[in-house]
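Novice: coords please:
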Amino acid sequence: PEERKRSASEAEHAASRCAAELQAMAEAKAETEEEKGPMGLPKFESDSSVGRVLASVVKDRADLGFTKTNAGQIEEMMKKHNIRTLDEVEAMSQRKWEELDEAGLVAGTETLFKNILYGGFFPEYATEIASRGRALDFDSRLERNLITDPFYTPDALGEPLPSSPHACSVSMPEWKHIVGYEEGDTNVWDALALGYPRFVVHPYIAKLFRACEREFAKFGESCFAFPSKKIASRACDYIKHKNGPSTPLRIEQYRNTGIYAVVFPSGARHAVLKFWQHFGFVVSSRWAEAVLREHCSDDPDAEFPQVNTCDVRNHTLPPAFLETIERSEVLNSSSSIASKKLSCHNEAKHIIKHRLADASGGAPHAHAEDVYLYPSGMAAISSGYLAAQSVFPGCKSVQLGFPYLDVYKIQTVWGPGAHFISDLDPDWLKQIQQLASEDQLSSVVMEYPGNPLLQVPDLKALSSLLREKGVPLIIDDTIGSSVNFNLLEHCDVVVTSLTKWFNGTGDVMAGSMTLNRDSAFYDRFKKFTESEYECMMYAEDAIALEMNSRTYVERMAKVNTTTKPLVEYLRQSPHVGQVWYPDSVTDPQIVRKGHSGLFSFVLKDTEKSAEFYKNLKICKGPSLGTNFTLACPYTLLAHYDELDWAEGLGISRHLIRVSVGQEEPEDLIERFDNAFKSIHT
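Specialist: Residues are numbered from 1 along each chain as shown. Model prediction:
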C-alpha cells in the first residue's frame, strides 16, 4: 500500500510537471505568435484583412515571386503610415505612394502592391480590383443631361453613365481607354467609379462582400453574396465543377436579409467571378446599399452619396389598389398613374409583367402570368436555357449567330456543349436541319437581330424547321425590343435584358423571360420554371423599373425615328466603309414598329477609327438602350482576346457600335459630321 501511494504521488507530480511544461510551451508559442503573424509574417493585426490577404498571397501566389520578405516590408510600411485595412489602402494619397516608391519598400510601385493585395494580377482579378476604385461622389453631377451634354472628353474617363450611383455603364471616351481596360492598365481602372455590374463588381456590392467576410470568413477565405440560398447553392455547384468536388464551401445568410454569402477559399475567386458574370444572378447595387445602411451604418466603410432614391421600407398602398384602377389606365403611360410613384414593389412587378406581355403582342401567345422577372438579362437567359435542358438533359444546343460571350459560356462551360453556326453562312439552315436529324438538340439559342452585325436570318423558315424537328427556339430580343419585333409567336421562349431599352435610364439591372403559351413545350417549361423560380428582383429596383418603363413605347418610337436618317447619312458618307442595320427585314408578321436603335459601322480608313471615336461628341462606353446615345468599339470591348477569331467571322476589330437615344436626328448627324471633319482637316 505504501508503494502504491508513493507511485500515485509521483504520477501526480509528473502530471503536474507535464501540465506546467505544456503551459510554458503554449505561452512561449503564443508570445512567438504575438511577435509574428500568420506564416511567420511580422505581426500586424490578427483580424486584419490585409494580414489575411498577405499570408494567403505568400502561400497561394508564390508564382508571382512574392515572398515573406515582401510581405514584411509592406506590413512595416503600413504600420508606419497607420494603415490597417484595405479600405485605408484605397484612401492613400499619391504623395504617400511616391514616398513609398522612393523608399524602395514597394517594388513595382503602386500597381504591383495593389495587384498583390487584391489577390493577383490583371486581368484575372480585374473585377475585384476595379470595384475598389475612386469614391462615388455624385453631388456635382446629378443634374447633368447626357442627351444635350454628354461625357466625351478625355477627362470624362470613369464617369458613371448615367450620373447615378446605380449606373450600368461607365465613360471610356477614347479608343486607348478600351484597350487599357482590357489590358488592365491601372491608369484606366483606377479612374473607374464603377462599370457594367456583371463585369465590374459595384462599389456598394464590394463593400457588402467585405461585410460578409468580416462576419463569416476565416483565414484564407473570401465571400461573395447572392440573392437567394438556392442561387448560392448553384454557385457552389459551379465552383466545385471548376475547382474540384472537394473544394470546401459554406453558405451563410447575412443577418436575415435574404442575402446569402458563399464562403470559399480565396484561391477559388476566379471561378466565383465567372459564375457571377455568366449566370447573372447578382445582388443589385440598390439592395447592397440598403443592407449596408441598415446593418453597417457604424462602419466607416459604409459611406454613401446623398441621392434621391425610392424608399421601399414602408410599402403602403390601399389593399384594393389594383382593383380601383382600370387595367388599361395602369398600363397607359399617359394616364394619371404615370405621375404617381408606386411605393409597393409587388404592384410594380405586376404592372411590369403586364407591360411586357402587352408589348410582346398579348394573347394568345403572351400572358402576364408567363412573364418571369430576374435580376439581370443573363439570369433570364440562363433560366431559359436550363428550362430547355430540363426537357432534353445532356443534349447539345445550337448557338446561331455570332455569340454573346456569356450566353455561349453557359452552353459550353456549364452545359453539355453547343454547335456554333454562323448565320452569315448561306447554308446555316441546312446545317441546323442536319444536326437536328442526327441527334436531339436541347435548343437553338439566338439574338434577333444579332449583335453586332444586326443580322436577321429567316425566322419563319427556322421556326418551321424546329417545330417539325421538336427543338425549342430561345430568342434574345434585347437588341430589337418587343415593341419593334414580333418574335414570341415564332419561338418558344423570349428573353430580354430589361436593363436596356425597357428601362432606358441605364441605372437598373433586370431581365425577363416570357413563355409562349402556344408552344409545344409550354407545359414542361412552365412546370420546370415554377419549381425553380424565385423573384429575386429587389423591391426598389422594381419600383424604379416600373417608373422608367412607363414611356417604353413612346421612347422606342422616338429611337426608330431618329436612327433611320442617321443610318442613311452614314451609308452615304464617303468616310464610311460599311453600315450594319437590320432594316432588310420588312415582313409585317415580324416587324411591328421599326428596326430599333442599334447599328454598327466601320470607316474606310480604319487607321483613323481611334481619332474619329475620340472626336465624336456622344457618350462612349459599354451597354446599349440608354436614353442618351452611346457608342463603343464593340469587338475590342467584347472579344479583345479573340480578335483574329472575330475577324474570321466577318467582325472587324475596328467596328464601332452605336445605340441611339432620345436626341434629334439632325443633332446626331451634325455631331457625326463634325467628327468626320476633324479627321480630314
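
Novice: switch to C-alpha atoms for all contacts and neighbour counts from now on
Specialist: Will do.

Novice: Flag the helix or strand of this structure with the lowest per-element mean pLDDT.
Specialist: helix 126-130 (a mean of 34; mean pLDDT, DSSP states H and E).

Novice: mind checking pLDDT for the spatially most central residue of the chain?
Specialist: Centroid-nearest residue in the chain: Arg198, 1.4 Å away (criterion: Cα atoms, centre = their mean). pLDDT, the model's per-residue confidence, is 90 for Arg198.

Novice: Give me the neighbour count for the nearest residue to it once chain neighbours are set aside.
Specialist: Among residues not flanking Arg198 along the chain, Gln277 sits closest, at 4.8 Å (Cα to Cα, 6 or more residues apart in numbering). As a burial measure, Gln277 scores 20 neighbours (other Cα atoms under 10 Å).

Novice: what mean pLDDT does the helix or strand containing Gln277 have?
Specialist: Using DSSP states H and E, Gln277 falls within helix 269-279. Mean pLDDT, computed over helix 269-279, is 92.

Novice: Phe676 contacts Phe612, correct?
Specialist: Yes: applying Cα atoms under 8 Å as the test, Phe676 and Phe612 come out as touching, 6.5 Å apart.

Novice: which residues in the stretch 551-681 of the chain form strands?
Specialist: Assigned by DSSP state E, counting those that start in this stretch, the stretch 551-681 of the chain shows strands spanning 576-580, 598-603, 619-620, 630-632, 656-659.

Novice: Low-confidence ranges, this protein, go.
Specialist: Applying pLDDT under 70 to the chain flags the ranges 1-143, 297-343, 681.

Novice: any idea how far Met513 is from Leu373?
Specialist: Going from Leu373 to Met513 by Cα to Cα, to the nearest Å gives 7 Å.

Novice: Next, show the common contact partners of the two.
Specialist: Common neighbours of Leu373 and Met513 are listed as Ala380 (criterion: Cα atoms under 8 Å, 6 or more residues apart in numbering).

Novice: still on that earlier bit, C-terminal to the helix holding Gln277, what's the next element?
Specialist: Using DSSP H and E, the first helix or strand after helix 269-279 is helix 285-295.

Novice: Just the CA trace of that next one, in CSV.
Specialist: Extracted C-alpha coordinates of helix 285-295, given in CSV (Å, rounded to 0.1, in the frame of the first residue of the first chain):
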residue,chain,number,x,y,z
SER,A,285,-26.4,47.9,-56.0
ARG,A,286,-29.6,49.2,-54.6
TRP,A,287,-30.1,46.1,-52.5
ALA,A,288,-26.5,46.2,-51.3
GLU,A,289,-26.8,49.8,-50.4
ALA,A,290,-29.9,49.2,-48.4
VAL,A,291,-28.4,46.3,-46.5
LEU,A,292,-25.2,48.3,-45.7
ARG,A,293,-27.3,51.3,-44.5
GLU,A,294,-29.3,49.0,-42.2
HIS,A,295,-26.6,46.8,-40.8
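
Novice: Might you report the residue contacts of Asn484?
Specialist: By Cα under 8 Å, 6+ apart, the contact list for Asn484 reads 556, 591-596.

Novice: now it: how far from Ser600?
Specialist: 18 Å.

Novice: can you give me the helices for the stretch 451-600 of the chain?
Specialist: Secondary structure of the stretch 451-600 of the chain (DSSP state H, counting those that start in this stretch): helices located at 459-469, 522-532, 539-548, 552-572.

Novice: what would these look like in CSV with mean neighbour count?
Specialist: Shown next, in CSV, are these (neighbours: other Cα atoms under 10 Å):
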stretch, mean neighbour count
helix 459-469, 15
helix 522-532, 15
helix 539-548, 23
helix 552-572, 19
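
Novice: so which of those helices comes closest to His350?
Specialist: Smallest distance to His350 across the helices of the stretch 451-600 of the chain (Cα to Cα): 9.4 Å, for helix 539-548.

Novice: CA-only coordinates of that closest one, as CSV, when you get a sec.
Specialist: In CSV, the C-alpha atoms belonging to helix 539-548 read as follows (Å, rounded to 0.1, in the frame of the first residue of the first chain):
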residue,chain,number,x,y,z
ALA,A,539,-38.1,45.9,-54.3
GLU,A,540,-36.5,49.3,-55.1
ASP,A,541,-35.2,48.1,-58.4
ALA,A,542,-38.8,47.0,-59.3
ILE,A,543,-40.2,50.4,-58.4
ALA,A,544,-37.6,52.3,-60.4
LEU,A,545,-38.0,49.9,-63.4
GLU,A,546,-41.8,50.4,-63.4
MET,A,547,-41.4,54.2,-63.3
ASN,A,548,-38.8,54.3,-66.0
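
Novice: by contact count, what packs against that helix?
Specialist: Applying 3 or more Cα pairs under 8 Å, 6 or more residues apart in numbering; DSSP states H and E, one finds that helix 539-548 contacts helix 285-295, helix 345-359.

Novice: how about 7 Å then?
Specialist: Here helix 539-548 touches helix 345-359, going by 3 or more Cα pairs under 7 Å, 6 or more residues apart in numbering; DSSP states H and E.

Novice: Residues contacting the helix it packs on from elsewhere in the structure, which ones?
Specialist: Helix 345-359 is touched from outside by 331, 342, 366-368, 371, 482-483, 539-540, 542-543, 546, with contacts defined as Cα atoms under 7 Å, 6 or more residues apart in numbering.
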